[in-house]
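Engineer: let me see the structure of the following:
(one chain, ligands or ions: 2)
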Amino acid sequence: MQHERLLKVLVIGDLGVGKTSIIKRYVHQVFSQHYRATIGVDFALKVLQWDHRTVVRLQLWDIAGQERYGNMTRVYYREAVGALVVFDMTRLSTFQAVLKWKGDLDSKVALSNGTPVPAVLLGNKCDQRSLCPKLPKLENFSREYGFIGWYETSAKDNTNIDAAITCLVKSIMTVE
Ligand code: GDP
Ligand code: MG
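Structural biologist: Ligands and ions are numbered 1, 2, ... in the order given. Okay, here's the model as predicted:
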C-alpha cells in the first residue's frame, strides 16, 4: 500500500532574493534572469517517491508583491508544515530581514503540538561570492534562532537547492 502525504512548504524572504528562482530550479530544472513578479500567492508541486511506501506531494508556496511588507496573512501560513527562509548573500539588508520573516512565521503557524514548524535558512546567490558582504557565521546564527539547518545556495548554478529542500522534508517527515 502506498501512502500519500501532502506537505505545504512556504518559501519566504525579501523581494529579489531568489524565491521564485529556487522553486523553478527545484521543480522544473530551469533558471532565468527574468521571472515576472507574480502577484499574489502561487504554488508549485513536486511529487517525490519518498520511500517504498510513501509518496510526498510537496507544495512550494511562493509569494510575490507582498514581500515589501515583511509579513503575510494567516491564510497564507495556514497548515504549513515547513518553510525555507531565503536571503540574498550579496545584500545585507535581506539577511537582516531573515529574523523578521522567521518571527512572522512562528507567530502565525505552529505544528499541532505547538512547536514551531521546521525552517531551513538559505543564503542564495552564493555564485556571486565576490559581491558578498561579511556575514555572521550562519552555523551559529541558524542554531541560535531555531533553524533546523542552513545552506549556501545558487538557483543559477543549481548548488544545494536539492540538499536544502531534502533536509527540510526529512525533518517534516520525522516530526509528524
Ligand atoms: P524573488 O523576488 O525572491 O522571487 O526573486 P527572483 O527569483 O525573481 O530572483 C530575483 C533576481 O535574482 C532575478 O534576476 C534572478 O535571475 C536572480 N537570481 C535568483 N537566484 C539567483 C542565484 O542563485 N544567482 C544569481 N546570480 N542570481 C539569481
Ligand atoms: Mg518571486
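
Engineer: which secondary structure element of this protein has the lowest mean pLDDT?
Structural biologist: In the chain, no helix or strand scores lower on mean pLDDT, DSSP states H and E than helix 74-77, which sits at a mean of 83.

Engineer: so which bits of it are buried?
Structural biologist: Neighbour counts over helix 74-77 (16 or more other C-beta atoms under 10 Å) mark 76-77 as buried. Backbone N, C-alpha and C define where each C-beta goes, glycine included.

Engineer: packing partners for that helix?
Structural biologist: Packing partners of helix 74-77 (3 or more C-beta pairs under 8 Å, 6 or more residues apart in numbering; DSSP states H and E): helix 98-108.

Engineer: doesn't Val120 make contact with Tyr151?
Structural biologist: Yes. Contact criterion C-beta atoms under 8 Å: Tyr151 and Val120 qualify, at 6.9 Å.

Engineer: neighbour count: these two, which is higher?
Structural biologist: Legend: neighbour count by other C-beta atoms under 10 Å for Tyr151 and Val120, higher for Val120 (25 against 22).

Engineer: and that one, helix, strand or coil?
Structural biologist: Of the three states, Val120 takes strand under DSSP: H, G, I helix; E, B strand; the rest coil.

Engineer: got a list of what it touches?
Structural biologist: Val120 is in contact with 82-85, 147-151, 164-165, 167-168, counting by C-beta atoms under 8 Å, 6 or more residues apart in numbering.

Engineer: per-residue pLDDT, it?
Structural biologist: If you check Val120, the pLDDT there is 98.

Engineer: cool, the one 4 residues further on as well?
Structural biologist: For Asn124, the model assigns a pLDDT of 98.

Engineer: then Ala37?
Structural biologist: pLDDT for Ala37: 60.

Engineer: so the residue nearest to Glu67 when sequence neighbours are not counted, which of the three states?
Structural biologist: With C-beta to C-beta, 6 or more residues apart in numbering as the criterion, Glu67 has its nearest non-adjacent residue at 4.2 Å, and that residue is Leu15. The local conformation at Leu15, judged by three-state DSSP, is coil.

Engineer: in this structure, what residue comes closest to ligand 2?
Structural biologist: Thr20 (3.2 Å; C-beta to the ion).
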